[in-house]
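**Student:** Predicted model and sequence follow; I will ask about them next.
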2 protein chains.
Amino acid sequence: MNIGILGAGQLAQMLALAGYPLGLRCTFLAPEEAPCAAPLGRHHRGDYQNSAALAAFADSVDVATAEFEHIAQVALEGLEDRGLLAPCSEAILLSQERLQEKSLFTRLGLPTARYAPIDTEADFNSALDVAGTPAILKTRRMGYDGKGQASVAAVADLLPAWESLGRVPCILEARVPFERELSVIAVRSRDGECRVWPLSENQHEAGILRVSRSLSNDPMEGLAQGYCERLLEALNYVGVLALELFQCGDELLVNEYAPRVHNSGHWTIEGAVTSQFENHLRAIAGLPLGATAAVAPSVMVNVIGQWPSARDILAVPGAHLHDYGKSPAPGRKLGHITLVDHDAEALRQGTAELCRLVGVAGEG
Amino acid sequence: MNIGILGAGQLAQMLALAGYPLGLRCTFLAPEEAPCAAPLGRHHRGDYQNSAALAAFADSVDVATAEFEHIAQVALEGLEDRGLLAPCSEAILLSQERLQEKSLFTRLGLPTARYAPIDTEADFNSALDVAGTPAILKTRRMGYDGKGQASVAAVADLLPAWESLGRVPCILEARVPFERELSVIAVRSRDGECRVWPLSENQHEAGILRVSRSLSNDPMEGLAQGYCERLLEALNYVGVLALELFQCGDELLVNEYAPRVHNSGHWTIEGAVTSQFENHLRAIAGLPLGATAAVAPSVMVNVIGQWPSARDILAVPGAHLHDYGKSPAPGRKLGHITLVDHDAEALRQGTAELCRLVGVAGEG
């Protein structure tokens, strides 16, 4: 079976690597000349809006999926009309627009931070009434890795924040005094079976994920999994989805979802019986889902911007290196490293060493 | 770093898959038009004896290794002279010839079944005196998967056995009343560090490996590991080596070694912290070795000749499918399936189901 992937970055690369042993081969549509996934499959070079490129891509695949959500509606619907797309266009399109996404959460009874739309300056007062301060102003579209966000500590910050974001449609969200950032990764099959991995606890710096830890039997797991399953059912979702959450006391606030495999689930490659990549492929290919249980507690550390030496990384006992083969650039995700260990002290020591190597605060 | 591999079958394919996340890319030299590893790297099509093909291959790689041992001396020595080959040509060449291989074991004090060479009919009596009957007559060269062997139940069988093998140079080996067939996989780094995986217990049918099980703290582990390390040291070996053993009571008889990754070590992909494929690459690339501890007990079942449905395989809880992408043919290794589970009963049930699916006797 030939799996079409919109995009050919590291997520597509890891999907292709997971597909190989299953006998699945990947075809990528991406505008870049030499994206990092390209050597692992067939690369159609073209824009996602280019109808000829899309048609050639669609002609060559049995099912199509995406490694990122910012894809034009016309492209998604074209693939859907041909019966190729998984997950469905609705799930991808809703995730492109924060107001629609948050409204969906509200409709489904999933608690969120207080939020209100801002289209013009006339909306400022009503939005501040709802969200209060401190708040975060976020563009409704094209936000990722902390991009398209501005802090609103006090009322007077709102106008300059909106100016800094280009006066585009936004939402104002209450800043949540969370104790933990969590995510839950789940997969749903074509016949509606859901499986959920153990929770991830995530640590960001400057809006970019730096460290994810898998959590064993976390007290919030049942609640988070329930929210995620409600979302998957509502979207009649097929494939892997990641739901980001803030924990405030014994409450979970839903932040956003990604209709795809997710950086906070990379630990599942070595740390779970079946990885998010393999189960995404199994789901969209109509194959039985694999077990999502953890093998042992895991920690994943991202490599951002530049590489420490591979020799130093691999000298850390149990370190699993994932080099995406991308050229270094500030803020660019170049790879990740995973540790999986039942021994909590060994895991802590290894993580501290990896955090030191990649220059992240670590155990924070 | 570019890793050159002589051969482009499933072992090369799994090496390439393991190399990808390490940032290692593979180049294959193989005479086939479309060998199964080819899509994962660069394929030089050519014979292993073709000096132009070998030169082009050598020019394009930083280190060279082999996925099989039956390679001409001139090819191996050419690569060695350029400082590219790991393991060394001596280790590969000795394994090509059973008499030299067994003589090495004897020199190193590793116990073997009684054996004697047969070059002409004049050697029959002395060989029978040493090996006795029942015995097995084996060609000295090109034996694998039970090929090049003939049974010698009684003295009168020896001549027809030798005729059936084409009157080529052979060795006559005593047939060993073994209780278990075992193998030990080990890796040695460029600076001489050895790491050994837990033992595999192997089940063959018609000379072909069908099932391997990893053994936890087996009583024979220390002895087997000691033998293997003695061999690695003697050969100044770099990379992964598999040593096959027969257990007779509390004794281990060394049968043969493979100077490469080995089918009985495929369970290490999911069942060990670091797989044999990754550690072979780490060793030959001069990187630190990864941990060889088991994650949990594992069973690997080979898929020979034809495929059961992927759906049925993946419905077995925890099943990891490895489809090499080869066209089915009688006796051909098409893939394997691995189960890894701390729960002995779940592992037993899953194994029984997989054995039923692939048509192997199973728990024998």
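**Tutor:** Arrived safely, thanks for sending. This is a predicted model, so every value here is computed, not measured.

**Student:** So for chain A, the centremost residue is which one?
**Tutor:** A:His262 (3.3 Å; C-alpha atoms, centre = their mean).

**Student:** What about A:Ala52? Give its phi and psi, please.
**Tutor:** Backbone torsions of A:Ala52, given as degrees, to the nearest 10, read phi -70, psi -40.

**Student:** ugh, typo on my part, it should be A:Ala122
**Tutor:** According to degrees, to the nearest 10, A:Ala122 has phi -60, psi -20.

**Student:** State the pLDDT value of it.
**Tutor:** With respect to pLDDT, A:Ala122 scores 96.

**Student:** Relative to A:Val360, how far out is it?
**Tutor:** Plainly put, A:Ala122 is 42 Å away from A:Val360 if you go by C-beta to C-beta, to the nearest Å. Where C-beta positions appear, they are placed from N, C-alpha and C, glycine not excepted.

**Student:** Next, the distance between the ends of stretch A:25-34.
**Tutor:** One end of stretch A:25-34 sits 18 Å from the other (C-alpha to C-alpha, to the nearest Å).

**Student:** Can you pull the residues of chain A lying near chain B?
**Tutor:** Chain A comes close to chain B at residues A:13, A:17, A:20-23, A:25, A:39-40, A:273, A:282, A:287-288, A:290-291, A:295-296, A:310-311, A:314-315, A:317-323, A:325, A:340, as judged by C-beta under 8 Å from any C-beta of the partner chain.

**Student:** Now list the buried members of those residues.
**Tutor:** With neighbours counted using 16 or more other C-beta atoms under 10 Å in any protein chain shown, the residues of chain A next to chain B contain these buried positions: A:13, A:17, A:20-23, A:25, A:39-40, A:273, A:282, A:287-288, A:290, A:295-296, A:310, A:314, A:317-323, A:325, A:340.

**Student:** So which of those are in strands?
**Tutor:** Among these, the ones falling in strands (DSSP state E) are A:25, A:320-323, A:340.

**Student:** Now flag whichever of the residues you listed is closest to B:Gly166.
**Tutor:** A:Arg25 (41.6 Å; C-beta to C-beta).

**Student:** For that closest one, which residues count as its bridge partners?
**Tutor:** Partner residues in beta bridges with A:Arg25, using DSSP bridges, are A:Asn2.

**Student:** could you list every residue that touches it?
**Tutor:** A:Arg25 sits next to A:1-3, A:19, A:41-42, B:39 when contact means C-beta atoms under 8 Å, 6 or more residues apart in numbering or on different chains.

**Student:** thinking A:Leu289 is in contact with A:Glu278, fair?
**Tutor:** No: A:Leu289 lies out of contact with A:Glu278 (C-beta atoms under 8 Å); the separation is 9.4 Å.

**Student:** Of those two, give the one with the bigger neighbour count.
**Tutor:** A:Glu278 (29 against 20; other C-beta atoms under 10 Å in any protein chain shown).

**Student:** Just the strands from the stretch 151-300 of chain A, written as ranges.
**Tutor:** Along the stretch 151-300 of chain A, counting by DSSP state E, counting those that start in this stretch, strands occupy A:170-174, A:180-188, A:194-196, A:200-205, A:208-214, A:239-248, A:251-258, A:298-304.

**Student:** could I get these as CSV with mean neighbour count and mean pLDDT?
**Tutor:** Conversion of the strands of the stretch 151-300 of chain A to CSV gives the following (neighbours: other C-beta atoms under 10 Å in any protein chain shown; pLDDT from 0 to 100):
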stretch, mean neighbour count, mean pLDDT
strand A:170-174, 25, 96
strand A:180-188, 25, 98
strand A:194-196, 19, 98
strand A:200-205, 20, 95
strand A:208-214, 24, 96
strand A:239-248, 24, 98
strand A:251-258, 21, 97
strand A:298-304, 26, 98
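
**Student:** now the ones you listed as TSV including distance to B:Arg82?
**Tutor:** TSV is the format used below for the strands of the stretch 151-300 of chain A (distance: least, C-beta to C-beta, whole Å):
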stretch	distance to B:Arg82
strand A:170-174	62
strand A:180-188	47
strand A:194-196	51
strand A:200-205	46
strand A:208-214	43
strand A:239-248	46
strand A:251-258	48
strand A:298-304	33
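
**Student:** how's chain A carved up into domains?
**Tutor:** A:2-85, A:114-174, A:180-358 (automatic domain parsing).
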